[in-house]
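Peer 1: Coordinates for the following, if possible.
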Amino acid sequence: MPEFMLLLYAPEVEGAQERERWAALPVWEEITESLRKSGTLVANGPLHPSSSATTVRVRGDETVLTDGPFATTKEMLAGFYLLDCADLDEALRHAARLPTARYGSVEVRPLRRSAP
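Peer 2: Okay, here's the model as predicted:
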């Protein structure tokens, strides 16, 4: 079966909005466990804030390191799910279940296993 990467994007928040998101933890745990039990979940995980990122670029013989994400955006990459699904439609159904889809976005991409 093909694998799909679900990339979770959300605005960085603090205070009450951050506590509201953490309050949804039982929903996350329920969804994750259901994906695990069905054999769909390959891997998943949250990411630290984008301020902890280091971006690496190699130009010619020079390696350039930049603190922070590649681009300044309103939404950060907050986490991911790697799913083994029958098809794109199944991956999209799972993406819509994730709480991030309600306040951010979930990008769904098939994994490429070989060169084009």
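Peer 1: ranges for the strands of the protein?
Peer 2: For the chain, the strands defined by DSSP state E cover 3-11, 41-46, 54-59, 62-67, 75-84, 105-110.
Peer 1: The ones you listed: which one's closest to Glu18?
Peer 2: Nearest of those to Glu18, taken as Cβ to Cβ: strand 3-11 at 10.5 Å. Yep, even glycine has a C-beta here, placed from its N, CA and C like the rest.
Peer 1: Quick one: work out the angle between that closest one and strand 41-46.
Peer 2: 20 degrees (axes from the mean of the first three to the mean of the last three Cα atoms, to 10 degrees).
Peer 1: buried stuff in strand 3-11?
Peer 2: 3-10 (16 or more other Cβ atoms under 10 Å).
Peer 1: Same question for stretch 34-41.
Peer 2: Buried, per 16+ other Cβ under 10 Å, within stretch 34-41: 35, 40-41.
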